[in-house]
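Participant: give me the fold of what follows.
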Amino acid sequence: MPKLTKTIVDRAEPQAKQVTIWCSELKGFGIFIQPSGTRTYFVDYRNAEDVRRRMTIGRHGMVTCEEARKLAIAKLGAVVKGEDPAGERITRRQSLTVRELCKKYLVACDMGVILGKGNRPKKASTLYTDKGRINGHIIPLLGSRRVIDLKPADIKRFVKDVASGKTAKIRKTGKVRGKSIVRGGNGTATRTTGLLGGILSYAYDEGIIERNPAENVKRPAGTKKTRRLTPSEYRQLGVALATAKAEGETQQLLDGIRLLALTGCRLGEIVNLKWTEVDEAAGALRFDDSKEGASVRPAGSAVFEALSAVKREMDCPTVLTPARQGQCFGGMSKGWKRIAERAGFEDVTLHTLRHSFASVAGDLHYTEPTIAAMLGHAAGSVTGRYIHHLDSVLIAAADKVAIAIAGFMNGETPATKEENDGDIVPHALAERTFGKAA
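Facilitator: Presented below is the predicted three-dimensional model:
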């Protein structure tokens, strides 16, 4: 058995069956000669468990004999250190891809195994968003990658690609005139990388990977939204709603926008608000399933006045009557564009109404914990043992804010005005019109 060289490999004649030529100088190094004439270098060894392994190195022609020898020496050196190169290759081939991991993750979510905020199973709306981010960003960029091969550098590249809009696109859906818009940007990159990190944490918990490659990877800071409505802009909104009503705009849309403005609630909370969750006697809205779970929110007299004007439909559990029974009213987003155009707004969204409610409360000198409770933030939500009773001061605060906003929308202005870019100075507005809050 001679030393394996290029000359010996080239002169070897193919036989009817596979021929193996071993190297006399490097034990475990050899080459297969197939009947077709294909020549493949390989290395043969026994691992730490005394299991025989054989792994290919490369085809003759793609690698030279000397290159194959060096690779064989490296593999056999790893075996001496207790490693198992062939076993690792088998494990890698059998390991999950990111696409397969995402599928397992979503199945676990559907079973309630993955917990979200407050250690509660993820809500259907959250899972819908997660699926959109997985299909829109994670799978297109990382779907074919093996989970065990991911490194922090791959996650950093993922963040940059999503932020730069590499996955942004618009595609048609199965619905009539339906389309799915996938956006990029820093905010999208931050939220999607957070989801990816959660999926990889699940992989770590399941023993699929030894560490989470997304751990400690910096995410871009999203742009903090500071847009709020001024008193004059609230008046513009009030006029736009009145004009739209006179011209036959959908009443559910007008009712929904007014409730969003007067409560500071999230869009989903108002769209899904049930009559059974309205507790006027206690001055509260009792959400069975808000973003933060079951939550009771203080509501002002102006809110209940607006609710009393809503036409209640028989056999419809929700305040805003949907087009189809069993669903929720789905015309808020598109309808708001029409109202915003009437009001002359270019950069105001429905969520701006929530920011504006908080800002008016701040103008009235209410503290952050009080504002957080009125908005239903996790840190200030009135939940658990407080679910049945609200502090009278909290109800009074919500009432004062709602009355102020309703007044702005109706054209009421403070008695004393100070100019600040054409609008009233917020704190002057609070003290001179409504009095300083207790």
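
Participant: switch to C-alpha atoms for all contacts and neighbour counts from now on
Facilitator: Will do.

Participant: residues in contact with the residue nearest to G300 when sequence neighbours are not counted?
Facilitator: Residue nearest to G300 in three dimensions, not counting chain neighbours: D399, with 3.4 Å by Cα to Cα, 6 or more residues apart in numbering. Counting by Cα atoms under 8 Å, 6 or more residues apart in numbering, D399 makes contact with 299-302.

Participant: host element of D399?
Facilitator: In the assignment (DSSP states H and E), D399 maps to helix 392-409.

Participant: for the stretch 51-200 of the chain, give me the ranges with low pLDDT.
Facilitator: Applying pLDDT under 70 to the stretch 51-200 of the chain flags the ranges 92-94, 117-118, 171-180.

Participant: quick one on the thing from earlier: identify each buried residue in the helix holding D399, please.
Facilitator: 394-409 (16 or more other Cα atoms under 10 Å).

Participant: same question, stretch 263-283
Facilitator: Quick answer for stretch 263-283 (16+ other Cα under 10 Å): 263-267, 269-275, 277-280, 283.

Participant: give me the subset of these that lies in helices.
Facilitator: Those of these mapping onto helices are 263, 267, 269-271, per DSSP state H.

Participant: quick check, nearest of those residues to R228?
Facilitator: T263 (14.7 Å; Cα to Cα).

Participant: check what pLDDT that closest one gets.
Facilitator: According to the prediction, T263 has pLDDT 95.

Participant: doesn't F357 make contact with it?
Facilitator: Yes: under the criterion of Cα atoms under 8 Å, T263 makes contact with F357 at 7.3 Å.

Participant: and the chain, what are its domains?
Facilitator: Domain ranges of the chain: 6-93, 98-205, 231-434, per automatic domain parsing.

Participant: turn the ones you listed into CSV, columns for distance to E215.
Facilitator: CSV is the format used below for the domains of the chain (distance: least, Cα to Cα, whole Å):
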stretch, distance to E215
domain 6-93, 22
domain 98-205, 7
domain 231-434, 24
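
Participant: can you check which of the ones you listed gets nearest to P220?
Facilitator: Nearest of those (Cα to Cα): domain 98-205, 5.6 Å.

Participant: what about the closest one, how long is it end to end?
Facilitator: Start-to-end span of domain 98-205 (Cα to Cα, to the nearest Å) is 15 Å.

Participant: so which of the contacts of D399 is the most crowded?
Facilitator: If you count neighbours using other Cα atoms under 10 Å, the busiest of the contacts of D399 is A299, which has 29 neighbours.

Participant: next one: it from L267, what distance?
Facilitator: Taken as Cα to Cα, the span from A299 to L267 is 16 Å.

Participant: and for L375?
Facilitator: Distance from L375 to L267, by Cα to Cα: 12 Å.

Participant: re earlier: from the chain's centre, how far out does the helix holding D399 sit?
Facilitator: For helix 392-409, the separation from the chain centroid amounts to 33 Å (computed by Cα atoms, centre = their mean, to the nearest Å).

Participant: save the ones in helices among the buried residues of stretch 263-283 as TSV, and put in distance to A246 too.
Facilitator: Listed next are those as TSV, based on distance: Cα to Cα, whole Å:
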residue	distance to A246
T263	24
L267	24
E269	27
I270	23
V271	23
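
Participant: about what we covered before: closest to P85 among the contacts of D399?
Facilitator: Nearest to P85 among those, with distances taken as Cα to Cα, is A299, at 65.7 Å.

Participant: contacts only, for that closest one.
Facilitator: So A299 contacts 263, 283-285, 395, 398-399, 402 (Cα under 8 Å, 6+ apart).

Participant: dump those into TSV; add distance to Y202 as well.
Facilitator: TSV is the format used below for the contacts of A299 (distance: Cα to Cα, whole Å):
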residue	distance to Y202
T263	37
G283	42
A284	38
L285	36
I395	42
A398	41
D399	44
A402	43
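
Participant: could you export the helix or strand hosting D10 as CSV, CA atoms only?
Facilitator: In this assignment (DSSP H and E), D10 forms part of helix 6-11. C-alpha atoms of helix 6-11 as CSV (Å, rounded to 0.1, in the frame of the first residue of the first chain):
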residue,chain,number,x,y,z
LYS,A,6,-1.6,12.4,-7.6
THR,A,7,0.2,10.0,-9.9
ILE,A,8,-1.3,6.9,-8.2
VAL,A,9,-4.8,8.5,-8.2
ASP,A,10,-4.6,9.4,-11.9
ARG,A,11,-3.3,5.9,-12.9
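
Participant: now it: how far from the chain's centre is it?
Facilitator: Distance of helix 6-11 from the chain centroid (Cα atoms, centre = their mean) equals 59 Å.

Participant: for stretch 64-74, same thing?
Facilitator: Counting by Cα atoms, centre = their mean, stretch 64-74 comes out at 48 Å from the chain centroid.

Participant: now that stretch: buried residues?
Facilitator: Of the residues in stretch 64-74, those buried (16+ other Cα under 10 Å) are 65, 68-69, 71-73.
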